[in-house]
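Enquirer: Please find the sequence and the predicted model below.
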Protein chains: 2
Amino acid sequence: MAKTDTKTRILDTAERLFAQKGFDAVSLRTIIASAKVNLAAVHYHFGSKQALVHAVISRRLRPINEERLTQLAEIRIKAGRRPVKLEHVLECLFRPLFRVQANSKAGPTFARLVGRVMGERNEGLHKFMMGELAEVIIQFSAAIEAALPELPKEESDWRSHFMAGAMAHTLCNADLLVRFTGTDAGASDYESTVRRLIDFTAAGFRARVSPPPKKARAKRKPKRT
Amino acid sequence: MAKTDTKTRILDTAERLFAQKGFDAVSLRTIIASAKVNLAAVHYHFGSKQALVHAVISRRLRPINEERLTQLAEIRIKAGRRPVKLEHVLECLFRPLFRVQANSKAGPTFARLVGRVMGERNEGLHKFMMGELAEVIIQFSAAIEAALPELPKEESDWRSHFMAGAMAHTLCNADLLVRFTGTDAGASDYESTVRRLIDFTAAGFRARVSPPPKKARAKRKPKRT
DNA sequence: GCCTGTTTCAAACAGTCGTTTGAATTAAAT
DNA sequence: ATTTAATTCAAACGACTGTTTGAAACAGGC
């Protein structure tokens, strides 16, 4: 077969366009024009646009999540009785996702797409994404808490939230910073990005919890001459 | 005047709906139905939907940015010759923005909206936002670098990027975590959020820069029996 | 050959979108 | 009261959306 499968050509094209412009901003007609297939083919193979979106996401996200969980299980075994190291947990979480940025021949496409999902208000899409990520969230939340036994659970949740934001924003706007700082986006520089993200978030997780502010914090303490 | 100005009623309603569903997801007809004004009133007062979006944003963002710059200038003066403290810089950046979440009578609306903008791929909107934030970005980047003279500029840029992501995501999904962790979103609990965000990002900024990974990290060093 | 099931195709459907129009209404000024 | 400008209104415009339809093209088994 000279030309690739219609179904996969739709998936590939949709993935690329969704990553560039967003899910709602890309119409089915834009996709089918770029993929050179018929409009009805989308509904024949996927049923609806929503289903196509889900298919685009889960095609890549599922293997990524499996790898995440596998690697997490590995470092847990390797750690034995000792507590797992936070940086290793974060690496299991970030690396499999950021690596697709380097692997995808079409350039940074899918990873950005995942970053975009977290900002979507689509409700249905959000539910779907949470379903896909459920196990990952459970396992990694537990691992993070195990790595930071001193940190109150409430703080841990908030900081996971911050981490998710930093990660999503980095995925989504990967190009901006790379162009801005002049770092060459060459091939597998995702390594540096992952390292930087781990440095930042690991330190954030380990931050000392500052006490709640006094109702009126002492703006200027009595001058001590 | 019993009923408020048409122009402001459009602005208020659009702000609320945009924050809930996103800019593209909310049609002008949804807005005018909720605001009880005529459809053409939008174009009469603003010219286009794009212009309305800009008006909604800058109405609140402009005072916020002014306050940010004023407060930053203040702590710089107060610091005198000594370097400004990173936490104080971040506080100037976060607090004015997060406070509108508590002030707005319609609940957390605008702040979430700002968070949403950063995830938009709208191009035009992104340009507009960068214009509004230009001075803030310049001043605060400089302040952060001044507070962390040891940190290479490249790392500083990346970590500002992470910070922006954490902030945007927190603004955008403020409700999620509050509901999840059971923290009461009561009135001015934005204080706690700001404190947590400062703790996290300040530590992230101060993180030690770990060395770039060896090309092939020793997966399994020669077994030493 | 014919037949069966899968896949492609052009065309249309019903609906929504942002925007425009021109007349009707209100407010202000003379 | 009359004239002028500012504002509101219902109605329509053209373009685009996701989805459906029914016939055409194709496949492989017999």
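Expert: Looks like it arrived, so ask away. Numbers count the residues shown, from 1 in each chain, chains lettered A, B, ... in the order given.

Enquirer: C-alpha only now, for contacts and for neighbours.
Expert: Noted.

Enquirer: got a list of what the nearest residue to residue A:38 once chain neighbours are set aside touches?
Expert: Closest residue to residue A:38 apart from its sequence neighbours, by CA to CA, 6 or more residues apart in numbering or on different chains: residue A:32 at 6.2 Å. Residues in contact with residue A:32, defined by CA atoms under 8 Å, 6 or more residues apart in numbering or on different chains, are A:10, A:38, A:39, A:42.

Enquirer: Save those as a markdown table, and put in neighbour count too.
Expert: Output for these, formatted as a markdown table (neighbours: other CA atoms under 10 Å in any protein chain shown):
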| residue | neighbour count |
| --- | --- |
| A:10 | 24 |
| A:38 | 13 |
| A:39 | 14 |
| A:42 | 22 |
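
Enquirer: which among the residues you listed are in contact with DNA strand C?
Expert: Contacts with DNA strand C within the contacts of residue A:32, as defined by CA under 7 Å from any atom of the strand: A:38, A:39.

Enquirer: Might one say that residue A:97 is in contact with residue A:64?
Expert: Yes - the criterion here is CA atoms under 8 Å, and residue A:97 meets it with residue A:64 at 6.2 Å.

Enquirer: When the two are compared, which one has more neighbours?
Expert: Just comparing residue A:97 and residue A:64: by other CA atoms under 10 Å in any protein chain shown the higher neighbour count belongs to residue A:97, 23 against 20.

Enquirer: residues touching the more buried one, list them.
Expert: Residues near residue A:97 by CA under 8 Å, 6+ apart: A:64, A:111.

Enquirer: before we move on, what SS does it have?
Expert: helix (DSSP: H, G, I helix; E, B strand; the rest coil).

Enquirer: Would you mind measuring from it to residue A:24?
Expert: 23 Å (CA to CA, to the nearest Å).

Enquirer: now residue A:49
Expert: According to CA to CA, residue A:49 stands 10 Å off from residue A:24.

Enquirer: Give me the next element, helix or strand, following the lowest-mean-pLDDT helix or strand in chain A.
Expert: Ranked by mean pLDDT, DSSP states H and E, the weakest helix or strand in chain A is helix A:174-181, scoring a mean of 63. Going down the chain from helix A:174-181, the next helix or strand is helix A:190-206, by DSSP states H and E.

Enquirer: Show residues contacting whichever strand or helix holds residue A:143.
Expert: Assigned by DSSP H and E, residue A:143 belongs to helix A:124-147. By CA under 8 Å, 6+ apart, the surrounding residues in contact with helix A:124-147 are A:54, A:58, A:61-62, A:65, A:68-69, A:83-86, A:89, A:93, A:117-118, A:120, A:151, A:153, A:156-157, A:160.

Enquirer: Next, please give the residue ranges for the helices of chain A.
Expert: Applying DSSP state H to chain A gives helices spanning A:6-21, A:28-35, A:39-45, A:49-79, A:86-103, A:110-119, A:124-147, A:153-172, A:174-181, A:190-206.

Enquirer: Which strands or helices does the longest one pack on?
Expert: When contacts are defined as 3 or more CA pairs under 8 Å, 6 or more residues apart in numbering or on different chains; DSSP states H and E, helix A:49-79 packs onto helix A:6-21, helix A:39-45, helix A:86-103, helix A:124-147.

Enquirer: Also the first one?
Expert: Here helix A:6-21 is seen to pack against helix A:28-35, helix A:39-45, helix A:49-79, helix A:110-119 when contacts are counted using 3+ CA pairs under 8 Å, 6+ apart.

Enquirer: Enumerate the positions of the second one that are buried.
Expert: Okay, so that is helix A:39-45. Neighbour-count burial for helix A:39-45, counted by 16 or more other CA atoms under 10 Å in any protein chain shown, picks out residue A:42.

Enquirer: how far out from the middle of the chain is that helix?
Expert: Chain-centre distance of helix A:39-45: 29 Å, with CA atoms, centre = their mean, to the nearest Å.

Enquirer: ok, back up a step: quick one: average pLDDT of the helix holding residue A:143?
Expert: Averaged over helix A:124-147, pLDDT sits at 95.

Enquirer: Say whether DNA strand D is contacted by it.
Expert: No - Helix A:124-147 lies out of reach of DNA strand D by CA under 7 Å from any atom of the strand, never closer than 12.5 Å.

Enquirer: Distance of residue A:210 relative to residue B:96?
Expert: Distance from residue A:210 to residue B:96, by CA to CA: 20 Å.

Enquirer: Name the residue in these two with the higher neighbour count.
Expert: residue B:96 (19 against 10).

Enquirer: quick one: low-confidence parts of chain A?
Expert: For chain A, the stretches flagged by pLDDT under 70 are A:1-3, A:104-108, A:175-188, A:213-225.

Enquirer: roughly how far is stretch A:40-52 from the heart of the chain?
Expert: 25 Å.

Enquirer: can you check stretch A:132-144 too?
Expert: For stretch A:132-144, the separation from the chain centroid amounts to 13 Å (computed by CA atoms, centre = their mean).

Enquirer: how about it: buried residues?
Expert: Buried residues in stretch A:132-144, counting neighbours by 16+ other CA under 10 Å, are found at A:132, A:136, A:140, A:141, A:143, A:144.

Enquirer: Nearest spatial neighbour of residue A:99, chain-adjacent residues omitted?
Expert: Sequence neighbours aside, residue A:190 is the residue nearest to residue A:99 in space, at 6.5 Å (criterion: CA to CA, 6+ apart).

Enquirer: my bad, should have said residue A:202
Expert: residue A:87 (6.2 Å).

Enquirer: list the contacts for that neighbour?
Expert: A:198, A:199, A:202 are the contacts of residue A:87 under CA under 8 Å, 6+ apart.

Enquirer: what residues are up against residue A:43?
Expert: So residue A:43 contacts residue A:49 (CA under 8 Å, 6+ apart).
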